[in-house]
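Novice: Okay, sequence plus prediction incoming.
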Amino acid sequence: MSNTPFSSLNLPDALVSNLTDLGYSSMTEIQAQALPAILAGQDVIGQAKTGSGKTAAFGLGLLAKLDVKYFRVQSLVLCPTRELADQVASELRKLARSIHNIKILTLCGGVPIGPQIGSLEHGAHIIVGTPGRVIDHLDKGRLNLDDLTTLVLDEADRMLEMGFSADLDAVIAKAPAARQTLLFSATYPSAIASLSERLLRTPVRVTVEQQHNTSSIEQRFYQLSHNNDRLQALQTLLLSYQGQSSMVFCNTKRETQDVADALADAGFSVLALHGDMEQKDRDQTLVQFANGSACILVATDVAARGLDISSVDAVFNYQLAHDADTHTHRIGRTGRAGQTGIALSLFTASDAGKLVALEDGLGIKIEPAALPASHSAQQPAKPQMATLQLDGGKKHKIRAGDIVGALTASKQLTNDDLGKIQLHDIWSFVAVKRSKLKLALQLLQQGKIKGKSIRARLL
């Protein structure tokens, strides 16, 4: 954190007051460095990782100059994944609480396009979306960028990695040349440098050093004799170090699914997350892992980027990351908010090049550790929660309080028996203690929410 208060900026009083209500007193480093230039209308390149506060940095810039009485699309934020877009939109809505009648619309693939078309017909001030779906709406004439004043590219490096370069060019071709462009990227490879040269005008470059404090993370590296020893070694480490939430990182989508399947066959509570999954399955996976209904998430780097998941107990690198930045981002999932964490990595002799890159990038000397002894009597950890999906959501005017009320009205369940509740347009998810699962299902099936019977099922 910096010691610079938000009140020192040229921000509208209502925005500053809302920041105070949200508990945001001092700016993070990226905010302190980038916001003055953003508020001055300059193009900005911000190099900072997830968790640095960059969303608030560009978000406050968008909101400060927004003319809410002018009902046109004034800002567009492009993100690599739907998960990140949803997270960004949620943060923007929180920052915009003091602005009446503002409309922030999310346009992403993987969900029905009909509701988006209807929402666009009613207009919006800020669009947050993924490149492919935004292009679809632009090409069909449903979205118009003639009044755009600010374009934000969030996690631009990931968008290029995921093959969105042509889509980005297509979006930019339909945007006014006279605009402010803000580009945020965790890394700054040559492709990003080239993109910046094409899109930005005399940009201010802001770089914030490593945000994850890895001093609270214990790292261990285990050398294996053969590549096919990895799965057994991973199971041994999981049994020795697994808590209620662990992440396993793999380098390919196929490997991610294979590892998750093998762990499931061995009795572990595990879910996979990768780009080949249907969006509905990705959503359900994230809900279950975030609310404690699964102990292990096996993921690729791209799928795990920008996920709104709090600190995990341990991180396991099934394969070493290709570079130090990605490795640091992986292990930064643990040891957050003052907690200690552990990161365990597997490698073989063929990973010598990656080891050198990690040692140079992290400034450490990697010494192989001995694998712990394998105890066949050990059992995989079991999750404390289970997830129920309800066939009703925001469009049915259902609120979290309605779900809590339906489950606790009879006093057979208490608030302590419930976990996270997540509301979506046409369904909702509620986490329930596994020991109370049968009772919770019975209460939902026999009761009503908002006067209607709502079907519930176990995910």
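Specialist: Perfect, I can see it now. The shown structure was predicted, so the numbers you read here are calculated from the model rather than taken from an experiment.
Novice: Tell me how this structure divides into domains.
Specialist: 6-207, 214-362, 385-458 (automatic domain parsing).
Novice: okay, the ones you listed in JSON lines with distance to Ala370 and mean pLDDT next?
Specialist: Using the backbone N, CA and C atoms, a C-beta is placed for each residue, glycine as well. Compiled in JSON lines, these are given as follows (distance: least, Cβ to Cβ, whole Å; pLDDT from 0 to 100):
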{"stretch": "domain 6-207", "distance to Ala370": "32", "mean pLDDT": "91"}
{"stretch": "domain 214-362", "distance to Ala370": "8", "mean pLDDT": "89"}
{"stretch": "domain 385-458", "distance to Ala370": "35", "mean pLDDT": "89"}
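Novice: quick one: which of those is nearest Ala369?
Specialist: Nearest to Ala369 among those is domain 214-362 (4.5 Å), distances taken as Cβ to Cβ.
Novice: Just put the domains of the chain in CSV and tack on distance to Pro372 and mean neighbour count.
Specialist: Converted to CSV, the domains of the chain look like this (distance: least, Cβ to Cβ, whole Å; neighbours: other Cβ atoms under 10 Å):
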stretch, distance to Pro372, mean neighbour count
domain 6-207, 31, 18
domain 214-362, 4, 19
domain 385-458, 28, 17
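Novice: Just tell me which of these ends up closest to Ala377.
Specialist: Nearest to Ala377, of all the domains of the chain, is domain 214-362, at 9.8 Å by Cβ to Cβ.
Novice: CSV please, covering the domains of the chain and showing distance to Pro368.
Specialist: Shown next, in CSV, are the domains of the chain (distance: least, Cβ to Cβ, whole Å):
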stretch, distance to Pro368
domain 6-207, 28
domain 214-362, 4
domain 385-458, 37
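Novice: Mind checking which residue lies nearest the centre of this protein?
Specialist: Nearest to the mean C-alpha position of the chain, by Cα atoms, centre = their mean, lies Leu307 at 1.9 Å.
Novice: OK, contacts around it?
Specialist: 83-84, 87, 286 (Cβ atoms under 8 Å, 6 or more residues apart in numbering).
Novice: From Gln284, how far out is it?
Specialist: For Leu307, the distance to Gln284 equals 14 Å [Cβ to Cβ, to the nearest Å].
Novice: what does Thr187 give?
Specialist: From Thr187 over to Gln284 (counting by Cβ to Cβ), the distance is 30 Å.
Novice: sorry, back to before: pretty sure the residue nearest to the centre of the chain sits in a strand.
Specialist: No - Leu307 is assigned coil when assessed by DSSP: H, G, I helix; E, B strand; the rest coil, not a strand.
Novice: which residues touch stretch 160-177?
Specialist: Contact partners of stretch 160-177, identified using Cβ under 8 Å, 6+ apart, comprise 76, 78, 80, 131-132, 134-135, 138, 145-146, 148, 151, 153, 159, 191-192, 195, 199, 275, 302.
Novice: Which of the helices or strands spans Val88?
Specialist: For Val88, the enclosing helix or strand under DSSP states H and E is helix 82-95.
Novice: which other helices and strands contact the following helix or strand past that helix?
Specialist: Next along the chain after helix 82-95, taking DSSP H and E as the criterion, comes strand 104-107. Packed against strand 104-107, as judged by 3 or more Cβ pairs under 8 Å, 6 or more residues apart in numbering; DSSP states H and E, are the following elements: helix 82-95, helix 114-121, strand 126-129, helix 131-139.
Novice: try 6 Å this time
Specialist: helix 82-95, strand 126-129 (3 or more Cβ pairs under 6 Å, 6 or more residues apart in numbering; DSSP states H and E).
Novice: That one: partners in the sheet, and parallel or antiparallel?
Specialist: Take DSSP bridges as the rule and strand 104-107 pairs in its sheet with strand 126-129 (parallel).
Novice: Out of the domains of the chain, which is closest to Gln379?
Specialist: Of all the domains of the chain, domain 214-362 comes closest under Cβ to Cβ, at 7.2 Å.
Novice: Run the chain-centre distance for the closest one.
Specialist: Distance of domain 214-362 from its chain centroid, counting by Cα atoms, centre = their mean, to the nearest Å, is 16 Å.
Novice: cool, and stretch 145-159?
Specialist: Centre to centre, stretch against its chain (Cα atoms, centre = their mean), the figure for stretch 145-159 is 18 Å.
Novice: Give me the contacts around it.
Specialist: Outside stretch 145-159, the residues within contact range by Cβ atoms under 6 Å, 6 or more residues apart in numbering are 58, 62, 72, 74-80, 174-176, 179-187, 192, 305.
Novice: Can you flag which of the residues you listed belong to strands?
Specialist: Assigned to strands by DSSP state E, the following of the contacts of stretch 145-159 qualify: 75-78, 180-185.
Novice: Just put these in a markdown table and tack on distance to Lys411.
Specialist: Below are those laid out as a markdown table (distance: Cβ to Cβ, whole Å):
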| residue | distance to Lys411 |
| --- | --- |
| Ser75 | 48 |
| Leu76 | 49 |
| Val77 | 45 |
| Leu78 | 49 |
| Gln180 | 55 |
| Thr181 | 56 |
| Leu182 | 52 |
| Leu183 | 54 |
| Phe184 | 49 |
| Ser185 | 52 |
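Novice: what's the closest of those to His329?
Specialist: Using Cβ to Cβ, these come closest to His329 at Ser185, 12.4 Å.
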